[in-house]
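Participant: Mind folding the following:
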Amino acid sequence: MRLKADLTLLFVSVVWGSAFVAQRVAGQLGSVYFFNGARYLLAALVVLPFALRSARAARQADSSAVISRAQHKWMFIAGLILFIGSALQQVGMVYTTAGNAGFITALYIVLVPVVLFLGWRERLHWLAFAALALAVSGAFLLSTGGRFEARAGDAIELAGAFFWALHVIVLGKFASKFDALSFSTGQLAVCGLLNFAAGALVETLPAFDWALVGAALFTALFSLGLCYTLQIWAQRHTPPADAALILGLESVFAVLSGWLFLDETLNLIQLVGCALIFAAVLLSQLKEWTSGKINASHLVEGR
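Facilitator: Model (predicted):
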């Protein structure tokens, strides 16, 4: 069963990595907010039946079980943060490669302890400093090829990584108090509606394009719908350290997918940058792996 669970998580990593290709395709077709709005609302509809079933079971066990005002508040806050992170990620896709976006997005794992220190005054472990140094070095090599040359897309993806880190913290500190499925449905719906609202203000509704439709359906049904469900099942049958390592491969599959489907290439220095970022991600989780307390469901965001 453990092997089956590990293989399932490997499949999840492949899908999540390839989702950056779908997002890159949508970005090149000029759609940011309407694309995000469609895929997040569709994902909310996918999760909704499971949330309703969970709610019915909760009411049968406790007739007073209802969604509280506090849950509505934190669903909106989480959805707002998710909206900002997804918007920055998708805008960045217009100006950078799927591989770059995948690796830079992975930096949110390193940023989590930094945001916790800045916002909640939680103590930083020395491994966090080492991981941050590796991540900054890797991001520099990946984005510039060893030459200092600012790239708008990579900078936007880095800003998005900060909001993915903040989203992880909000989920860990507040969402755990509420029903997971209803909370997930709520934040996905809020994110989708905010994206549609932003699109109505600043974006022209894109012309019908099968490539755009396919990208939205793939990310909504497979990346956000199917894979989250598979992840929940698999993590019941494999150790947290296994899940952390396998899910951390998402950024690697993002680069491979960009090379396979979009003919994106990286030079040797950029590959070294990828290796440094991946090492930073692993190092940032080393303390949790050794204690067996890592929450692997927080390792991948966005998609």
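Participant: Go through stretch 39-55 and flag the buried ones.
Facilitator: Neighbour counts over stretch 39-55 (16 or more other Cβ atoms under 10 Å) mark 39-44, 46-48, 50-51, 55 as buried. All C-beta atoms are positioned from the backbone trio N, CA, C, and that covers glycine.
Participant: any idea which of the residues you listed is closest to residue 270?
Facilitator: Within the buried residues of stretch 39-55, distances to residue 270 taken as Cβ to Cβ reach their minimum at residue 39, with 28.6 Å.
Participant: Tell me which residues touch the closest one, please.
Facilitator: 192, 216-217, 219-220, 224 (Cβ atoms under 8 Å, 6 or more residues apart in numbering).
Participant: And for residue 110?
Facilitator: Listed by Cβ under 8 Å, 6+ apart, the contact set of residue 110 reads 128, 131-132, 135, 280-281, 284.
Participant: Ok, residue 94 next?
Facilitator: Counting by Cβ under 8 Å, 6+ apart, residue 94 makes contact with 27-28, 30, 32, 153.
Participant: where does this structure have low pLDDT?
Facilitator: 62-65, 146-150, 176, 228-229, 231-232, 235-236, 239-245, 247-248, 285, 287-303 (pLDDT under 70).
Participant: all helices of it, in order?
Facilitator: With DSSP state H applied, the chain shows helices at 2-28, 33-61, 69-95, 98-105, 108-120, 126-144, 152-173, 180-202, 210-217, 227-234, 240-247, 250-262, 268-284, 286-291, listed in chain order.
Participant: deepest of the ones you listed, which one?
Facilitator: Among the helices of the chain, helix 98-105 has the highest mean neighbour count (mean count of other Cβ atoms under 10 Å), at a mean of 30.
Participant: rewinding a little: for the buried residues of stretch 39-55, give me JSON lines that also has distance to residue 103.
Facilitator: Putting the buried residues of stretch 39-55 into JSON lines (distance: Cβ to Cβ, whole Å) gives the following:
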{"residue": "39", "distance to residue 103": "22"}
{"residue": "40", "distance to residue 103": "23"}
{"residue": "41", "distance to residue 103": "28"}
{"residue": "42", "distance to residue 103": "27"}
{"residue": "43", "distance to residue 103": "24"}
{"residue": "44", "distance to residue 103": "28"}
{"residue": "46", "distance to residue 103": "28"}
{"residue": "47", "distance to residue 103": "28"}
{"residue": "48", "distance to residue 103": "33"}
{"residue": "50", "distance to residue 103": "32"}
{"residue": "51", "distance to residue 103": "33"}
{"residue": "55", "distance to residue 103": "38"}
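Participant: Do I have it right that residue 79 meets residue 185?
Facilitator: No: if you go by Cβ atoms under 8 Å, residue 79 and residue 185 don't touch, sitting 10.3 Å apart.
Participant: any idea how far residue 112 is from the closest residue to residue 194 other than its chain neighbours?
Facilitator: The shortest distance from residue 194 to any non-neighbouring residue, by Cβ to Cβ, 6 or more residues apart in numbering, is to residue 83 (4.1 Å). Relative to residue 112, residue 83 is positioned 19 Å away (Cβ to Cβ, to the nearest Å).
Participant: show me what contacts residue 237?
Facilitator: Per Cβ under 8 Å, 6+ apart, neighbours of residue 237: 1-2, 4-5.
Participant: If we only consider the contacts of residue 94, which is nearest to residue 262?
Facilitator: Residue 262 lies nearest to residue 28 out of those, by Cβ to Cβ, at 9.0 Å.
Participant: can you pull the contacts of residue 279?
Facilitator: Counting by Cβ under 8 Å, 6+ apart, residue 279 makes contact with 134, 138.
Participant: same question, residue 41
Facilitator: Contact analysis of residue 41 by Cβ under 8 Å, 6+ apart lists 188-189, 192-193, 196.
Participant: Same question for residue 24.
Facilitator: When contacts are counted by Cβ under 8 Å, 6+ apart, residue 24 touches 93, 97-98, 101, 258, 262.
Participant: Quick check, the residue nearest to residue 194 in contact with residue 190.
Facilitator: Yes: with contacts counted by Cβ under 8 Å, residue 83 reaches residue 190, the gap being 7.2 Å.
Participant: Kindly indicate which of the contacts of residue 237 lies nearest residue 249.
Facilitator: Ranked by distance to residue 249 (Cβ to Cβ), the contacts of residue 237 are led by residue 5 at 15.1 Å.
Participant: From residue 84, how far out is the closest one?
Facilitator: Per Cβ to Cβ, residue 5 is found 33 Å from residue 84.
Participant: From residue 29, how far off is the closest residue to residue 28 other than its chain neighbours?
Facilitator: Spatial nearest neighbour of residue 28, chain neighbours left out: residue 94 (7.1 Å); criterion: Cβ to Cβ, 6+ apart. Distance of residue 94 to residue 29, computed by Cβ to Cβ: 10 Å.
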